[in-house]
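Novice: Here's my sequence, what's the structure:
(2 chains)
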Amino acid sequence: MRCRELLIGASLALAATGMALGQNVTTGHSSACGSCHAAETIHQAETPMAQATLLSADNPVFKVHPNLTAQKGPYTYVIETRDGKSVYRVSDGVNTVSFPIRWTIGERMQTWIIERNGHYFESLVSYYPRSDRLDLTVGDERIVPHNLDEAVGREITYKQTKDCFGCHSTNAIAKGKLSFDSLELGVTCEHCHSGASAHAFDAMQGIFDSKPRSLKELSSEDINGFCGQCHRSWETVVRTGIRGVPNVRFQPYRLENSKCFDGTDRRLSCVVCHDPHQNVVRQASSYDKVCASCNRASVNRAATHSVAKTCPKTTANCVSCHMPKVDVNTPGGLLTFTDHQIRIVHPGAVYPN
Amino acid sequence: MIKSFVTAVVVLIMLPLSAETGTSFEDLVRRAAFANAQNEVPDAIKLYSRALLLRPKWAEGWLRIGVLKYQTGSYAGARNDLTHFIALTHNPEPAVGIRGLCEFQTGEYAKSLKDIRRALSFPGEEAGEERELLVYHEALLLTKFGRFVQALNDYGTFAQKQLSRPEMFRAIGLAGLRIPLFPTDLTRDIEQVEATGSAIYALLAGDQEEGQHQFEAVFRKFAPMSNEHYIYGLLLFPSDPDAALVEFQREADLFPANEQGEIMTAWALLMRQDAEGAKPHAVKAARKAPHVAGAQLVVGRALAETGSLKDGIGHLSEALRLEPENLEIHVALAEEYSRAGDRSRSQRERRICLEMTKDGRNRIALP
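Specialist: Take a look at the predicted model:
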C-alpha cells in the first residue's frame, strides 16, 4: 500500500515535470521506478548514460561556454547559447547558415544532430572535453566540404538517425519509426527494462504481473549481446571490419575476443564489473575480486567452471596490466579507453586485432 | 593486360624488320612480329607456330600466339596456347584472365570463373577496361551458377562508377531476380527483367529516390514476378530495414513457394533481435528449401536463440557444409558455440571470422 501511494505521488510529479519542459520530451520515469527500486535509481540519473541526450538548457558545456567557435579551413563554426537556447552557425566569410540545436548527443564528448528540411545531419564539429574546444567530429576527418551546405555536416540516413537516438535516448522508436513525441532524454529505465513504464503504472493498481523480464537471467553471451546493441556487439564489429586501435571503444567485442570469455560462465560479463545504474568505478583495485573469482591458486570445488592460472607478479590492480589503457587519436586530441580484451600484455606487443 | 601486351608486341616490331624468308628461330620471330605489325594476323600466327616448334619452351611465344588467337576469335586454340604459357612461367598474370575469357567462349564456365577470379585477385590497377571486362564476365558467370548476391556486388562496382553497357540492365535484372541465365539466353519477360535491372542499377548507384521510383513503376506496370519484392527489400535493407521487411513479407505472400521471402523475413527479424518472431518464418524456409544454406542459417540462429541450442547448432553446421565460405554462418556458429559453453569451437570460429574480414571492408549483414 505504501508503495502504491508513493507511485501515485511520483506519477503526479512526473506529469508536472513533463508539462514544465514545454517540449514533447520527458526526463524519464526513473522517479516512478524509484518508489520501489530506490537502490537502482538513486544514482542512475547522474550517470553518463542517463545524460546521453541533452537539451540545450540542461547542457553544462553550453552553460560554461555560451560561445564556442572553431575555424576549419574557410569555414567558421559558432555555437551560441542565450536564454537556454543554442544555435549552430556556419559561415564561409560571405554567407552564414544557422540552425537551432535541439539535440546534443553525448554527455562529455558532444555532437549535434541538425535537422534541415526533413533531413538530418551530424554536425561537422564536436566538443571535446579534454581540449575543451570544438574540433572535427570523429570519423569526418576526410570530409572536404565544397560549399557552405556541405560544411554544416554529414547527412545521415534515416536508419542512422534512428540508431543515434535509439542508443542515446529512450522510447525514440515507436512501431519501427523515429518518434520525437515519445522520446525520453538519455538512457533511462525503459531503455533496458522494456515495459518498465507499464509495470510502474500497473503496480499503482497493485498489479505486478507485467514486470519486465529479469536481465539477471541472461547468460554472459546474451548480456554481451544486450549491452552490445549500443556498445557494439561482437558480430556487429566483425561485419564493419574496423580493425586496429579504433575498435578498442567497442567493449563487448573486445571482451568476447578474450581467451577467458565463456558465454555460459557468469563470472565474466559486462554487469559483473559494471553496475549500469551507477557511474563507472575508476579505481583499478576495485575489480580485483572479479578477476580473483577465476584466477586464483585455491581450487573452489563448488565452482562449475574451471579455475584459471594465477598471475605470478601480483594479485592486486589486475586490470592495470591485463586490461591496459589505449589512446585513440581524434581530431580533438587523445581519447583514452580501457581495452576489454583481457590478456597478458608483453612489452612491445602490438595491439591485438 | 591485353592492351599492355599488344603494346609490347608493337614495341618489338621496332626491331629491324623485313619480309625476309629466314627459317632460324630468330628469323621466324622477327617475321611474325613484322606480319603482326602489318595486320597480317593469320601469317603472324603461322610464323609464331613454326618458331614454337623449334623452341617449344619459349614461354613468351605461347603468350603472343595465344593473344593473337583470342583476338581473332579462335578461343579453343588460344586457351591451349595460354595454358602452355602458364605452365612454363612463374608469372602467369598476363595470361590467366585472357584464358578465362576464352573458356567463357568455349562454354567451359567453371574453369572460366576460376581463371577470371584468379586474374582479379592479382594486384594491379584498380580500374581499366581489361579489369572491367573480367568483372563483367565474372558477374555473368556468378549469376549462371546461382551466386546472385556476389554477382550483384560486381554490378555494384559498375553502378558506383556510373558505368553501364547496353546489355547490363538485363544482366543485372537476371542476377536480382535470381534467374540463372546469360542475358542472351533470356527469351521471355525481357522488358520486365530489363526494367527491374534498371531499378536495381539506380539503387546500386546510390540514387535511392530514382531506384524507388523505378521499382514502383515496375510493380505498377507488370504482373508480379518472383523475387521482385525480394530484391527490392534486399537493396533497401542497409538503409531502411523496416521497409525492407515489408518487401520480404510481400514476397512471401505473393510467392509462397519461394523460400527467399521467408528467409529474408526471418533474417530481418533476427537482426532486430526478434528470434521468436523469426522462428516460424525460418522453420517454413528450412522446410521448403533444406538444401539452401540461407534457410539453414536462419533456422539455426532462430532455434539457438530461442532455447534449442543443440538443434540450432545442428542446422548451422548443415549451413556450413552447404556454404563453407559464408561469413554469417561462421558468425552464428561463434556465438552459438559460446552460448553452448564450447569455448574452443567458439574461439576457432571467431578466428575464422576475423581472418575472413581482415580486408577491413564494411559488410552488410546478409545470409
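Novice: In the stretch 51-200 of chain A, what residue comes closest to chain B?
Specialist: Of all residues in the stretch 51-200 of chain A, the one sitting closest to chain B is residue A:176 (4.2 Å; C-beta to the nearest C-beta). In this view, the C-beta of every residue, glycine as well, is placed from N, C-alpha and C.
Novice: how about that residue, phi and psi?
Specialist: Per-residue torsions, residue A:176: phi 80, psi 0 (degrees, to the nearest 10).
Novice: same thing with residue A:90?
Specialist: With angles defined as degrees, to the nearest 10, residue A:90 sits at phi -130, psi 130.
Novice: Let me know whether it touches residue A:75 as I believe.
Specialist: Yes. Counting by C-beta atoms under 8 Å, residue A:90 touches residue A:75, with 5.9 Å between them.
Novice: between the two, which one's more packed in?
Specialist: Higher neighbour count among residue A:90 and residue A:75: residue A:90, with 25 against 19, using other C-beta atoms under 10 Å in any protein chain shown.
Novice: For beta bridges, what are the partners of that one?
Specialist: On the basis of DSSP bridges, residue A:90 takes part in beta bridges with residue A:77, residue A:97.
Novice: For residue A:187, see how far away it is.
Specialist: Distance, residue A:90 to residue A:187, using C-beta to C-beta, to the nearest Å: 30 Å.
Novice: Which neighbours do residue A:90 and residue A:75 have in common?
Specialist: Here residue A:90 and residue A:75 have A:148, A:151 as joint contacts, going by C-beta atoms under 8 Å, 6 or more residues apart in numbering or on different chains.
Novice: Would you check how far apart the closest residue to residue B:205 other than its chain neighbours and residue B:152 are?
Specialist: Once flanking residues are discounted, residue B:205 sits nearest to residue B:159: 4.0 Å by C-beta to C-beta, 6 or more residues apart in numbering or on different chains. Distance of residue B:159 to residue B:152, computed by C-beta to C-beta: 10 Å.
Novice: got any residues that touch both of these two?
Specialist: residue B:204.
Novice: So residue B:286 belongs to a helix, correct?
Specialist: Yes. Under DSSP: H, G, I helix; E, B strand; the rest coil, residue B:286 falls within a helix.
Novice: Test my guess that residue B:89 contacts residue B:58.
Specialist: No. The pair residue B:89 / residue B:58 is not scored as a contact, 10.7 Å apart, by C-beta under 8 Å.
Novice: so residue A:231 makes contact with residue A:247?
Specialist: No. At 11.7 Å, residue A:231 does not count as touching residue A:247 under the criterion of C-beta under 8 Å.
Novice: if you count what's nearby, which of those two comes out ahead?
Specialist: residue A:247 (23 against 19).
Novice: buried residues in stretch A:228-247?
Specialist: A:228, A:230-242, A:247 (16 or more other C-beta atoms under 10 Å in any protein chain shown).
Novice: show me what contacts the residue in the stretch 201-350 of chain B positioned nearest to chain A?
Specialist: For the stretch 201-350 of chain B and chain A, the shortest gap (C-beta to the nearest C-beta) falls at residue B:338, measuring 3.2 Å. Counting by C-beta under 8 Å, 6+ apart, residue B:338 touches A:221, A:256, A:261-264, B:346.
Novice: show me the contacts for residue 170.
Specialist: I went with chain A, as the question did not name one. Contacts of residue A:170 by C-beta under 8 Å, 6+ apart are A:28, A:183-191.
Novice: You answered for a different chain; I wanted chain B.
Specialist: B:183, B:186, B:190, B:193-194, B:197.
Novice: Quick check: which element contains residue A:160?
Specialist: helix A:158-168 (DSSP states H and E).
Novice: what about that helix, near chain B?
Specialist: Yes. Residues of helix A:158-168 contacting chain B under C-beta under 8 Å from any C-beta of the partner chain: A:158-159.
Novice: Out of the contacts of residue A:170, which sit inside helices?
Specialist: Within these, residues falling in helices by DSSP state H are A:189-191.
Novice: would you list the residues you listed in JSON lines and tack on distance to residue A:290, neighbour count and pLDDT?
Specialist: Output for those, formatted as JSON lines (distance: C-beta to C-beta, whole Å; neighbours: other C-beta atoms under 10 Å in any protein chain shown; pLDDT from 0 to 100):
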{"residue": "A:189", "distance to residue A:290": "25", "neighbour count": "28", "pLDDT": "93"}
{"residue": "A:190", "distance to residue A:290": "28", "neighbour count": "22", "pLDDT": "92"}
{"residue": "A:191", "distance to residue A:290": "25", "neighbour count": "24", "pLDDT": "94"}
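Novice: So what's the residue count around residue 165?
Specialist: This is for chain A. 23.
Novice: my bad, the chain I had in mind was chain B
Specialist: Count around residue B:165 with other C-beta under 10 Å applied: 11.
Novice: List the residues that contact it.
Specialist: Each residue near residue B:165 by C-beta under 8 Å, 6+ apart is listed here: residue B:136.
Novice: Could you do residue A:102 as well?
Specialist: Applying C-beta under 8 Å, 6+ apart, the residues near residue A:102 are A:55-56, A:113, A:115.
Novice: and if you look at residue B:172?
Specialist: Counting by C-beta under 8 Å, 6+ apart, residue B:172 touches B:152, B:155, B:197-198, B:200-201, B:204.
Novice: Tell me if I'm right that residue A:86 and residue A:103 touch.
Specialist: No. In this structure residue A:86 lies outside contact range of residue A:103 using C-beta under 8 Å: 10.5 Å.
Novice: burial count for residue B:174?
Specialist: Look at residue B:174: counted by other C-beta under 10 Å, it has 26 neighbours.
Novice: Sweet, I'm off.
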